[in-house]
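# After the sequence you'll find the predicted model.
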Amino acid sequence: MRRPIHVLLLATVAVLVLTLLPSYAQPRYPGTTLTLSIHAGHFAIPWQQRAPIIKQRFGIDIKVVGIDVSDMYKKQLLELTSGTGAFDILQYNPAWLGDYAPFLQPLDELMQKFPVDWDDIVSGFRTWHSTFGGKIYGLVMDGDVLLMYYRKDLFDDAKNKAAFRQQFGYNLAPPQTWQQLADVAKFFRNPQKNFYGYADQLKRGRAFYWYLLRYFSYCGPNAQLFDPQTMKPRINDACAVQALSEMKDLVALQPPGVLNWEWDELFNAFMKGRVAVSIHWPDEGKRVAELEKAVPGAKMGFAPIPGVKKGNTVVWRSTAAGGWLLGVTKASRNVEAAWQVVRFYESKEESLKLVIDPNTGQDFFRTSHFASPQVARLAPKEYLTVYKQAIEALYPELRIPSSFEYTDVLDRQIQLAFTSQLTPKAALDAAAAEWEKLTNARGRDKQLAAYKAAMGIR
Amino acid sequence: MPAQVATQRVAWVPWLIRVARWSDRYFPLLAVAPAIVILFLTTIFPLLFALSNSLYDYYLPQPALRSFVGVSNYVAALRDPVFLASLRRTGILIVAGITVQLLAGFAIALLLGDEEVRGRKLLTTLLAIPMMIPEVAAAYMWWLLYRVLGFLNYALGWVGLGPYLWISGPSTALTSIMITDSWQWTPFVALVLLAGMAAIPPELHEAAAIDGASWFQHLTLITLPLLRRVLVVILLIRSMDIFKMFGLVLVMTQGGPGDATLTATYYTYLNGFAYFKVGYGAAQSFILLVIIVLLSTVLVSYVYEERRP
């Protein structure tokens, strides 16, 4: 009888040792408090939920400061430039890296010491979000990218197919080019029934993202917002004017009030069956059942962003239209502890939990996310394929100092074109003139160096 | 008492007198000194600091590149077509907003001033509710109402009208902002006018009634002339408020569509706090300050002019 008791005791001790070992192996930072600047709401809540786990694992207390998304850039930059050290960890948009980089801790050395499964992050994000001037400044926390959604049931409908072919002379299919998208928008448009073929998200401050999608394909392949030799704006090139002119024509076919549409308007319009096609972030694809419930018989389809046919290929690029990174500030008094927290939060295991939780608003960004059986149960295979394609075709955000002003100026001018206060050419000429003025004010050489660093141009 | 001690005490007396005289002279100054210091630190110093910033080319993320440019920021602002257009837009908003608020406020004040109107006390209390709502909350409320799929268009749909592009159309967005501002501040105008009307001696109306004056004559020959000073005060307060309007634009339109609602204050905010052009933003805010000071000086001097016999 004694032997089994000994075995049981030994087994218990072994289990205890094995359980405790990892926590002892984990570096601990007792008495450390870290302050995090996080997008308020669905991004801040998961942090608050994980605060006890972080305390248990690292002995670190975290203080989450939730900031409204529209104020994040202003509040964070004010803190960073005044060197208060108020924040240890920042959630920030890759487009702000041009301004933030001097105040952020390069993570390369920390990543050597405390690795993070870097290669598991999809390469588009590693290259175009995290890396700036050859150094790593942040870990992706939200795999934002724009995808095209369409109503598969309407596209598969035999009557629609026949009518479309008769009207446009080719088969109804998910549009591959912007011209085909315009045809689809015309075909499905039925204002009497409050149904529209297509809609963009064109509120002031957002419209430029949807314009740049066109710009990258009309002026592609290898589209550049600036001449990489002289930093002269390319935003008013003939291809850009054509992109804006065609977009303006398409805006006229969209639902009334689309110039004030934010995320929820476009999301609801598609998910409640009021538009046939939309280009949006990955959220819809994780919530297919909601569309099917709201609109009986509806099926959601997924396709890459349309492009422009050049030769035998369709040139298209997607964009993150934002996206989020987690970085550590240089002014932090606890850089290593902050990195440990970021590393834990964005680890394979923890990030998987975050991206499959529909309440977090975080989207897939690791190869392991796409391969996960849990994700496969949540999202259709076709969606995941298109999603990965979009990340690989990602065009980087404009990551140079004053990027917010550059894009805001562009946004204002293209809205003036949409509302016919300016012609597309005049609007883009005005944007280019303002960009040129801004480049001169910031210093052409400095801006050029930042642009090259952001675009990975040597 | 030894003579030596007595002499010492006597020697203290002139010193005490000197202290008393000094304190008589300077105590009031000492008493107000903390207030002056606080006022200087909280009001004058930031103003001087902003004034000094306005003379620099200063992009906040690059403080090392801050350079003195004299009045260049002021010249640039006065040549900036977007800034000039935003000033014009603000002017339109002031003129249209105040006209609507004065007309509607006057009508409401006449109604509430009529003793035969039942429940006017309750109505007066209810009227004050919009003023109690913070600007941002009012902006969110109206933003929800104005959306294409919002309640206003839904309600208009019942009678076969709309949908209207309240804040989404370039020609309607500014009007929609003016409507929201008028909804919130017409009650203020009405209440001030009501108070002014209550101060008019009733004998004047009684005498006019005996002379057979019509309702219109009562209004134009007694009420309005005696309310002139009150009207100028309303004009002063409301024009300054509309000039500084910020929350409504920020929440409802962010200056769009295009620049249809880009007001001078919002554009200045963009330059200072979104584009971080600290010097340029400061210069614009001083130009706005000068305009507002000039406007209020004209109106205030009118009030004093009126008071002279």
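Looks like it arrived, so ask away.
# Let's verify residue A:196: helix, strand, or coil?
strand (DSSP: H, G, I helix; E, B strand; the rest coil).
# Residue A:274 is in contact with that one, correct?
Yes. Between residue A:196 and residue A:274 there is a contact under C-beta atoms under 8 Å: 6.7 Å. The way it works is simple: take the backbone N, C-alpha and C, and place the C-beta from them, glycine included.
# Pull up the overlap in contacts between the two.
Contact criterion C-beta atoms under 8 Å, 6 or more residues apart in numbering or on different chains; residues shared by residue A:196 and residue A:274: residue A:255.
# So which of the two has more stuff around it?
Between residue A:196 and residue A:274, counted using other C-beta atoms under 10 Å in any protein chain shown, the more crowded position is residue A:196 (22 against 18).
# So for the more buried one, what pLDDT did the model give?
Predicted confidence (pLDDT) for residue A:196: 97.
# Check residue A:24 too.
pLDDT at residue A:24 comes out at 45.
# What number of neighbouring residues does residue 183 come out with?
Using chain A. With other C-beta under 10 Å as criterion, residue A:183 counts 19.
# please go with chain B instead
Residue B:183, neighbours per other C-beta under 10 Å, totals 17.
# Tell me if I'm right that it and residue B:142 touch.
Yes. Residue B:183 is in contact with residue B:142 according to C-beta under 8 Å; the separation is 7.5 Å.
# residues in contact with residue 181?
Answering for chain A, as no chain was given. Applying C-beta under 8 Å, 6+ apart to residue A:181 gives the contacts A:175, A:198, A:250, A:277, A:306.
# That was the other one, I meant chain B.
Contacts of residue B:181 (C-beta under 8 Å, 6+ apart): B:93, B:97, B:242, B:245, B:248.
# Can you list the buried residues in stretch A:84-100?
By neighbour count on 16 or more other C-beta atoms under 10 Å in any protein chain shown, the buried set for stretch A:84-100 is A:86-100.
# Tell me the one of those nearest chain B?
residue A:99 (4.5 Å; C-beta to the nearest C-beta).
# so the closest one sits right up against residue A:405, yeah?
No. The criterion here is C-beta under 8 Å, and residue A:99 misses it with residue A:405 at 10.2 Å.
# May I ask which of the contacts of residue A:181 has the most neighbours?
Going by other C-beta under 10 Å, residue A:198 tops these with 26 neighbours.
# That one contacts residue A:183, doesn't it?
No. Judged on C-beta under 8 Å, residue A:198 makes no contact with residue A:183 at a distance of 10.0 Å.
# Which of the helices or strands spans the closest residue in space to residue A:35 that isn't next to it in sequence?
Nearest residue to residue A:35, sequence neighbours excluded (C-beta to C-beta, 6 or more residues apart in numbering or on different chains): residue A:63, at 4.7 Å. Using DSSP states H and E, residue A:63 sits in strand A:60-67.
# List the buried residues in that strand.
A:60, A:62, A:64, A:66, A:67.
# I'd like to know which of the residues you listed is nearest to chain B.
The closest of the buried residues of strand A:60-67, once distances to chain B are taken by C-beta to the nearest C-beta, is residue A:67, at 13.8 Å.
# Please name the residues that touch that closest one.
Here residue A:67 is in contact with A:37, A:38, A:39, A:40, A:75, A:76 (C-beta under 8 Å, 6+ apart).
# Now for the residues you listed: which two are most distant?
A:40 and A:76 (12.9 Å; C-beta to C-beta).
# Looking at these two, which is more packed in?
Shown here are residue A:40 and residue A:76; by other C-beta under 10 Å, residue A:76 has more neighbours (24 against 15).
# Isn't that one up against residue A:86?
No. Counting by C-beta under 8 Å, residue A:76 does not reach residue A:86; the two are 9.5 Å apart.
# quick one: average confidence on the strand holding residue A:63?
96.
# Parallel or antiparallel, which strands does it pair with?
strand A:32-39 (parallel) (DSSP bridges).
# which parts of the strand it pairs with are buried?
Quick answer for strand A:32-39 (16+ other C-beta under 10 Å): A:32, A:34, A:35, A:36, A:37, A:38, A:39.
# continuing past that strand, what's the next helix or strand?
helix A:44-58.
# so what does that next one touch, helix or strand wise?
Counting contacts by 3 or more C-beta pairs under 8 Å, 6 or more residues apart in numbering or on different chains; DSSP states H and E, helix A:44-58 is packed against strand A:32-39, strand A:60-67, helix A:335-345.
# and the end-to-end length of stretch A:173-184?
End-to-end distance for stretch A:173-184, by C-alpha to C-alpha, to the nearest Å: 9 Å.
# And that stretch, what's buried?
Neighbour-count burial for stretch A:173-184, counted by 16+ other C-beta under 10 Å, picks out A:174, A:175, A:176, A:177, A:178, A:180, A:181, A:182, A:183, A:184.
# ok, now stretch A:364-377?
In terms of neighbour count (16+ other C-beta under 10 Å), stretch A:364-377 has its buried residues at A:364, A:365, A:366, A:367, A:369, A:370, A:372, A:375.
# could you dump those to CSV with distance to chain B, pLDDT and secondary structure?
Output for the buried residues of stretch A:364-377, formatted as CSV (distance: C-beta to the nearest C-beta, whole Å; pLDDT from 0 to 100; DSSP: H, G, I helix; E, B strand; the rest coil):
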residue, distance to chain B, pLDDT, secondary structure
A:364, 30, 93, coil
A:365, 27, 94, coil
A:366, 31, 95, strand
A:367, 34, 94, helix
A:369, 34, 95, helix
A:370, 35, 94, helix
A:372, 37, 95, coil
A:375, 33, 92, helix
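# any idea where the helices of the stretch 251-400 of chain A begin and end?
For the stretch 251-400 of chain A, the helices defined by DSSP state H, counting those that start in this stretch cover A:263-271, A:288-294, A:335-345, A:348-356, A:367-371, A:373-378, A:381-392.
# quick one: the longest one to chain centroid distance?
The chain centroid and the centroid of helix A:381-392 are separated by 14 Å, computed with C-alpha atoms, centre = their mean, to the nearest Å.
# And the strand or helix carrying residue B:279, what's buried?
For residue B:279, the host element (DSSP H and E) is helix B:278-307. Using 16+ other C-beta under 10 Å as the test for burial, helix B:278-307 gives B:278-288, B:295-296, B:299.
# Nearest to residue A:154 among those?
residue B:281 (49.4 Å).
# Model confidence score at the residue nearest to that closest one when sequence neighbours are not counted, please.
Excluding its sequence neighbours, the residue lying closest to residue B:281 (C-beta to C-beta, 6+ apart) is residue B:272, at 2.7 Å. Note on residue B:272: pLDDT of 94.
# Burial check on residue B:272, number of neighbours?
Neighbourhood size, residue B:272 [other C-beta under 10 Å]: 22.
# And for residue A:420?
12.
# ok, now residue A:303?
Using other C-beta under 10 Å, residue A:303 has 21 neighbouring residues.
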